[in-house]
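Novice: make a model of this:
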Amino acid sequence: MKKQLVFILLSFLIIFSACKKEENIAPVEETPAGEEIIEITTSFGKMYMWLYKSTPKHRENFLKLAKQSYYDSTTFHRIIRNFVIQGGDPNTKDTIKTNDGFGGPDYTIPIELNDSLKHIRGAVGAARDGDDVNPLKASGGSQFYISLSSTQTSHLNKNYTVFGFIMKGMEVTDKIVIQSKDANDRPVKDIKMSVKVLRKTLEEIKTEYGYEPKF
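Specialist: Numbers count the residues shown, from 1 in each chain. Purely as a prediction, here's the structure:
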């Protein structure tokens with residue numbers, strides 16, 4: 001009888017121990033489905049940006065800053081017809097106009113060139129300091145520009161990193177670029193943006209934005 005009680009007790013302890021181990025196992029978190037894309041909102045409408053995976057350092061940096069709300073309330077501080085609109089400078093959040101275009105985080109990103117990524121209309125490139133002080137052509141940490149022309153921006157190829165593409169909303173850039181500006185190409189009236197990350201499946205990207213993603 002005592003042997004039976006000992007056996008039953010040991011069996012109970014083994015089962016109880018196994019249950020406790022199962023309780024301590026953390027559930028596996030599922031990776032969210034879909035691709036991370038960018039939504040840029042302005043008073044002139046919204047733009048949707050695809051970020052190329054073949055320029056991973058620039059892609060990861062832009063996603064990081066967007067998730068930190070870094071770009072919110074910055075402005076498009078440079079507009080040139082048939083060329084580009086440029087933004088992403090945190091200095092544009094203040095009221096000092098003369099420092100616009102000189103700000104950003106305290107780091108640069110190595111240039112990431114890809115022969116298949118050209119400065120076509122809708123291309124998104126990383127702004128940087130000139131070759132005289134930046135011979136390695138490293139990109140600035142946050143400022144970016146959107147190409148408005150496939151011909152007027154072709155000289156930027158192989159000199160600046162193209163890391164994204166405006167899938168939908170280029171009509172917004174056409175509205176922005178015709179706004180009144182000063183002698184330094186800065187809009188007279190601030191054109192602020194807010195930037196956030198969306199997650200979409202490849203099928204949703206094709207359906208909602210009419211874009212076949214290029215990686």
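Novice: OK, contacts around the residue nearest to the spatial centre of the chain?
Specialist: When the chain is reduced to its mean C-alpha position, the nearest residue by CA atoms, centre = their mean turns out to be Phe62, at 3.4 Å. By CB atoms under 8 Å, 6 or more residues apart in numbering, the residues touching Phe62 are Ile38, Leu51, Phe144, Phe163, Gly164. Placement of C-beta: from N, CA and C, glycine included.
Novice: checking it next. Helix, strand or coil?
Specialist: Counting by DSSP: H, G, I helix; E, B strand; the rest coil, the backbone at Phe62 sits in helix.
Novice: that one and Pro135: what is the separation?
Specialist: Using CB to CB, to the nearest Å, Phe62 is found at 24 Å from Pro135.
Novice: do Pro56 as well
Specialist: As defined by CB to CB, Pro56 lies at a distance of 23 Å from Pro135.
Novice: so which of these two has more stuff around it?
Specialist: Neighbour count, other CB atoms under 10 Å: between Pro56 and Pro135, Pro56 has more, with 12 against 8.
Novice: double-check that one against Asn114; I have them as touching.
Specialist: No - shown here, Pro56 and Asn114 do not form a contact pair, counting by CB atoms under 8 Å, at 10.9 Å.
Novice: lowest average confidence across helices and strands of this structure, where is it?
Specialist: Across the helices and strands of the chain, mean pLDDT, DSSP states H and E gives its lowest value to helix 2-24, namely a mean of 41.
Novice: most neighbours among the contacts of Phe62, which one?
Specialist: Phe163 (28 neighbours).
Novice: what sits closest to Ser139 if chain neighbours are left out?
Specialist: What sits nearest to Ser139 in space, not counting adjacent residues and going by CB to CB, 6 or more residues apart in numbering, is Ala126, at 3.5 Å.
Novice: list the contacts of that neighbour.
Specialist: Contact analysis of Ala126 by CB under 8 Å, 6+ apart lists His58, Ile109, Ser139, Gly140, Gln143, Phe144, Tyr160, Thr161, Phe163.
Novice: so which of those belong to strands?
Specialist: With strands taken from DSSP state E, the overlap with those comprises Ile109, Ser139, Gly140, Phe144, Phe163.
Novice: for Arg59, see how far away the closest residue to the first one other than its chain neighbours is.
Specialist: The shortest distance from Ile109 to any residue other than its chain neighbours is 4.4 Å, reached at Ser139 (CB to CB, 6+ apart). Counting by CB to CB, the gap between Ser139 and Arg59 amounts to 12 Å.
Novice: neighbour count winner among these two?
Specialist: With other CB under 10 Å as the criterion, Ser139 and Arg59 differ in neighbour count, and Ser139 comes out ahead with 27 against 19.
Novice: for that one, give me its contacts.
Specialist: Taking CB under 8 Å, 6+ apart, one finds His58, Thr108, Ile109, Pro110, Ile111, Ala126, Ala127, Arg128, Tyr160, Thr161 in contact with Ser139.
Novice: from the residues you listed, which single one is nearest Thr173?
Specialist: Ranked by distance to Thr173 (CB to CB), the contacts of Ser139 are led by Ala127 at 15.5 Å.
Novice: around that closest one, how many other residues sit close by?
Specialist: Around Ala127 there are 21 residues (other CB under 10 Å).
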